[in-house]
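**Student:** got a structure for you, letters missing:
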């Protein structure tokens with residue numbers, strides 16, 4: 001888990017995009033956590049609280065989780081990032 005406030009990058013994690021993808025897929029936070037587990041991304045189902053933290057922008061998923069999210073939603077990993085605000 002990376003704290004977006006301390007990570008220096010010209011790009012920021014687009015937490016709103018993740019939430020929109022999940023909702024458009026009709027998937028609950030718990031269902032998303034289970035899907036990540038089923039893909040072998042997590043050792044146990046990811047908690048609803050963890051998904052909420054990603055979607056609220058409190059933190060961002062690590063690179064392995066981002067790959068899993070991209071696979072689940074059929075998007076590229078890059079789609080989860082936007083140009084950081086100055």
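**Tutor:** Here it is on my side, so go on. Because the structure is a prediction, the values reported are computed rather than measured.
**Student:** Could you list the low-confidence segments of this protein?
**Tutor:** Residue ranges of the chain with pLDDT under 70: 1-9, 86.
**Student:** the helices in this structure, which residues?
**Tutor:** Secondary structure of the chain (DSSP state H): helices at 15-24, 29-38, 48-56, 63-73.
**Student:** What's the separation between residue 76 and residue 16?
**Tutor:** 17 Å (CB to CB, to the nearest Å). For every residue, glycine as well, the C-beta is placed using N, CA and C.
**Student:** again but with residue 68, I slipped
**Tutor:** 19 Å.
**Student:** Compare these two and say which is more crowded by neighbours.
**Tutor:** Comparing residue 68 with residue 16 by other CB atoms under 10 Å, the one with more neighbours is residue 68, at 23 against 12.
**Student:** Could you pull up the residues touching the more buried one?
**Tutor:** By CB atoms under 8 Å, 6 or more residues apart in numbering, the residues touching residue 68 are 35, 36, 39, 41.
**Student:** can you check residue 83 too?
**Tutor:** 10, 11, 12.
**Student:** Mark which of those are buried, thanks.
**Tutor:** residue 12 (16 or more other CB atoms under 10 Å).
**Student:** Sort out which of the contacts of residue 83 are in strands and list them.
**Tutor:** 11, 12 (DSSP state E).
**Student:** Adding distance to residue 81, write the contacts of residue 83 out as CSV.
**Tutor:** Compiled in CSV, these are given as follows (distance: CB to CB, whole Å):
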residue, distance to residue 81
10, 9
11, 4
12, 7
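**Student:** right, and out of the contacts of residue 83, which lies closest to residue 59?
**Tutor:** residue 12 (12.3 Å; CB to CB).
**Student:** and the closest residue to that closest one other than its chain neighbours, how many neighbours does it have?
**Tutor:** Distances taken as CB to CB, 6 or more residues apart in numbering place residue 84 nearest to residue 12, at 4.3 Å, with adjacent residues excluded. Residues lying near residue 84 (other CB under 10 Å) number 13.
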